[in-house]
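Chemist: What would the 3D arrangement of this be:
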Amino acid sequence: MSKRSIMSTVSAVLVTAAALAAAAPAGATPAARGPLTDVRITDHFDLLAGQMPENIALLPDGTADVTFAGARQVAQITPHGATRILATLPEPADRGVNTPVLKFPLTTGIVRTADGTVYVLYATGTADLTGLWRIRPGQSPQRIAALPADGLPNGLALDENGKQLYITDSVLGTVWTVPTTGGTPTAWSTASELASTGFLGANGAKVHGGALWVSNLDQGTLLRIPIGSRNRAGAPQVTASGLVGIDDFAFTGRGNQVLAALNGPNRVVLIQPDGTSSTVADSTDGLQNPTSVALRGDDVYVLSAAYTTNTDPNLLHASMGRAHRALSPARN
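Modeler: Take a look at the predicted model:
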């Protein structure tokens, strides 16, 4: 499948989802903006080459490892804007036309460990390639856990203490868990709160405060799932709702306060621990279907994939001062 065909397919599939998101009640107040300063686009990517950035993992120096969904690639973006391809995952024999929902092979979630090992998810619709891949410095990518070909592995979270990886499946409504050494995945949770309502369900994932936090794009919710003894999943708790189109997210470093990307609505929102939210960036700042957010200290990074805007996939950088994190929750 050519890059132009991928773009056409992605746009056609996602336009419906974007329309649904626009028609749904907004979960965030428009144009609050206060917490972010020095908002600017630092990097632009090649849409025709499939460089639609989907997920991000930060290095200590501000370098970003990202997945380019349409190119099947993992890339490294330096603070000075240089892009280096770390790996290109193998193309499926059928070119990914049987990938559920999206109909093209795509790299999705990414995490990085302290020793430089990168873990990435790959969805192809084929049993030989779909799953969790590991990329070690100087080595070729290796699949270390197979996942169902009829699913769409999407969000990836690391529990470094327990040496476990958690994987959301946006089509099957499942969270899988796999040891960092690889092996056979275990269905950790199949709760109804993870299900889609016709497009994509469970999406972003983060381990925080003794729980796995998961966003549900279709249901517009942010969930907290307690991690119990022997790695058992507790009952999901909805911590925020009305966030239709929520993709990946990150904790700000102030308790359970979260910055989240709303893909279809082209927004980044600040979600307070009581579930209220406010918009802190939108399309006027250059957002083009934002997919993920990452923070290191006061530095905020937002990826935009331009899935439906078809204009400018990019990386946005902003600052978020500690004083702003202490702001009272904004009411909807």
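
Chemist: Mind jotting down where the helices sit in the stretch 201-332 of the chain?
Modeler: Ranges of helices within the stretch 201-332 of the chain are 322-325, based on DSSP state H, counting those that start in this stretch.

Chemist: Skipping its backbone neighbours, what lies nearest Pro290 in space?
Modeler: Distances taken as Cβ to Cβ, 6 or more residues apart in numbering place Ala261 nearest to Pro290, at 3.8 Å, with adjacent residues excluded. Where C-beta positions appear, they are placed from N, C-alpha and C, glycine not excepted.

Chemist: how close does that neighbour sit to Asn203?
Modeler: For Ala261, the distance to Asn203 under the criterion Cβ to Cβ, to the nearest Å works out to 10 Å.

Chemist: Common neighbours of these two, please.
Modeler: With Cβ atoms under 8 Å, 6 or more residues apart in numbering applied, the overlap between the contact sets of Ala261 and Asn203 consists of 246-248.

Chemist: any low-confidence regions in the chain?
Modeler: Low-confidence segments of the chain, defined by pLDDT under 70: 1-34, 322-332.

Chemist: most centrally placed residue in it?
Modeler: By Cα atoms, centre = their mean, the chain has its centre lying nearest to Asp248, at 3.7 Å.

Chemist: So that residue sits against Ser215, correct?
Modeler: Yes - taking contact to mean Cβ atoms under 8 Å, the distance of 7.0 Å between Asp248 and Ser215 places them in contact.

Chemist: what do those two both touch?
Modeler: Once Cβ under 8 Å, 6+ apart is applied, the residues that Asp248 and Ser215 both contact turn out to be 155, 203-204, 260.

Chemist: Filter these down to the ones in strands?
Modeler: Among the shared contacts of Asp248 and Ser215, DSSP state E puts 155, 203-204, 260 in strands.

Chemist: and of the shared contacts of Ala261 and Asn203, the nearest to Val171?
Modeler: Of all the shared contacts of Ala261 and Asn203, Asp247 has the smallest distance to Val171: 15.3 Å, by Cβ to Cβ.

Chemist: ok, now which ones touch the closest one?
Modeler: The neighbours of Asp247, taking Cβ under 8 Å, 6+ apart as the test, are 203-204, 215, 217, 260-263, 290-292.

Chemist: Let's see the lengthiest strand in the chain as CSV, backbone CA atoms only.
Modeler: What stands out as the longest strand in the chain, according to DSSP E, is strand 36-44. These are the backbone C-alpha positions of strand 36-44, laid out as CSV (Å, rounded to 0.1, in the frame of the first residue of the first chain):
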residue,chain,number,x,y,z
LEU,A,36,1.1,26.6,29.2
THR,A,37,3.6,29.3,28.1
ASP,A,38,6.1,29.6,25.3
VAL,A,39,3.9,27.3,23.1
ARG,A,40,5.5,26.6,19.7
ILE,A,41,5.9,24.0,17.0
THR,A,42,9.5,22.8,17.0
ASP,A,43,9.5,20.0,14.4
HIS,A,44,7.5,19.3,11.3
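
Chemist: what's next to it, contact-wise?
Modeler: The list of residues contacting strand 36-44 from outside it, by Cβ under 8 Å, 6+ apart, reads 77, 81, 83, 268, 280-281, 285-286, 300, 312-321, 324.

Chemist: Note down every partner strand of the next helix or strand after that strand and its orientation.
Modeler: Read in the C-terminal direction, the helix or strand following strand 36-44 is strand 53-58, with elements assigned using DSSP states H and E. Within its sheet, strand 53-58 is paired with strand 64-68 (antiparallel), according to DSSP bridges.

Chemist: what separates the partner strand from the chain centre, distance-wise?
Modeler: The chain centroid and the centroid of strand 64-68 are separated by 11 Å under Cα atoms, centre = their mean, to the nearest Å.

Chemist: Does anything pack onto the helix or strand following it? Which helices or strands?
Modeler: Toward the C-terminal end, the helix or strand that comes next after strand 64-68 (DSSP H and E) is strand 73-77. Counting contacts by 3 or more Cβ pairs under 8 Å, 6 or more residues apart in numbering; DSSP states H and E, strand 73-77 is packed against strand 64-68, strand 83-88, strand 106-112.

Chemist: Just say which of those strands is most tucked in.
Modeler: Among the helices and strands packed on strand 73-77, judged by mean count of other Cβ atoms under 10 Å, the one packed with the most neighbours on average is strand 64-68 (a mean of 26).

Chemist: what's the neighbour count on the closest residue to Gly209 other than its chain neighbours?
Modeler: Setting aside the residues directly before and after it, Gly209 is nearest to Asn256 in space (Cβ to Cβ, 6+ apart), at 6.9 Å. Counted with other Cβ atoms under 10 Å, residues neighbouring Asn256 total 19.

Chemist: Please tell me I have it right and Asn256 contacts Thr239.
Modeler: Yes - assessed by Cβ under 8 Å, Asn256 is found in contact with Thr239 at 7.1 Å.

Chemist: Buried ones from the contacts of strand 36-44, can you make that a ChimeraX selection?
Modeler: Only the buried entries of the contacts of strand 36-44 go into this ChimeraX selection, using 16 or more other Cβ atoms under 10 Å:
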select :77,83,268,280,281,285,286,300,313,314,315,316,317,318,320,324
